[in-house]
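*Asks:* from the sequence below, what's the structure:
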Amino acid sequence: QVQLVESGGGLVQPGGSLRLSCTASGFTLDGSYAVAWFRQAPGKEREGVSCISNYDGIGRYLDSVKGRFTISSDNAKSTVYLQMNSLKPEDTAVYYCAATSDWISGSYCLDDHYNLWGQGTQVTVSS
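*Replies:* From the prediction side, this is the model:
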């Protein structure tokens, strides 16, 4: 069964850190896939937070998380990570990982072009 499974969410105080993981099963998640992390807060639309284009392998970020979040991948483990530092209450949301084997350039990899999605993991930033 082809699926993505996220883990690593939880409750953290403002200024704290979390690392989210997204592991693929049923297929090898390698550099031939574009991958991304999205989030959706209550009452808000889903937004792309970070992505890696399969054109150039470079990470891109939503402006509000630049300098705080880092996306990375481990092809040997078919896993993508999102390291989140200096967390703020406004980062509270359900975080989803997504992937596609379609070619997605860096200019578009934060947009919803993905056909594989995980179930989501809750991140809550609160004191």
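
*Asks:* element containing Y95, please.
*Replies:* Here Y95 sits within strand 93-100, counting by DSSP states H and E.

*Asks:* and the strands in this protein?
*Replies:* Secondary structure of the chain by DSSP state E: the strands cover 3-7, 10-12, 18-25, 34-40, 47-52, 59-61, 69-74, 79-84, 93-100, 116-117, 121-125.

*Asks:* neighbours of the nearest residue to Q122 once chain neighbours are set aside, how many?
*Replies:* Nearest residue to Q122 in three dimensions, chain neighbours excluded: G9, at 4.9 Å (C-beta to C-beta, 6 or more residues apart in numbering). (Glycine included, C-beta is placed from N, CA and C.) Around G9 there are 19 other residues, counting by other C-beta atoms under 10 Å.

*Asks:* contact partners for G9?
*Replies:* 18, 20, 95, 121-123 (C-beta atoms under 8 Å, 6 or more residues apart in numbering).

*Asks:* give me phi/psi at it?
*Replies:* Note on G9: backbone dihedrals following degrees, to the nearest 10 are phi -70, psi 170.

*Asks:* the one 5 residues further on now?
*Replies:* Backbone geometry at P14, expressed as degrees, to the nearest 10, gives phi -50, psi 140.

*Asks:* number of nearby residues for K88?
*Replies:* When neighbours are counted by other C-beta under 10 Å, K88 registers 13.
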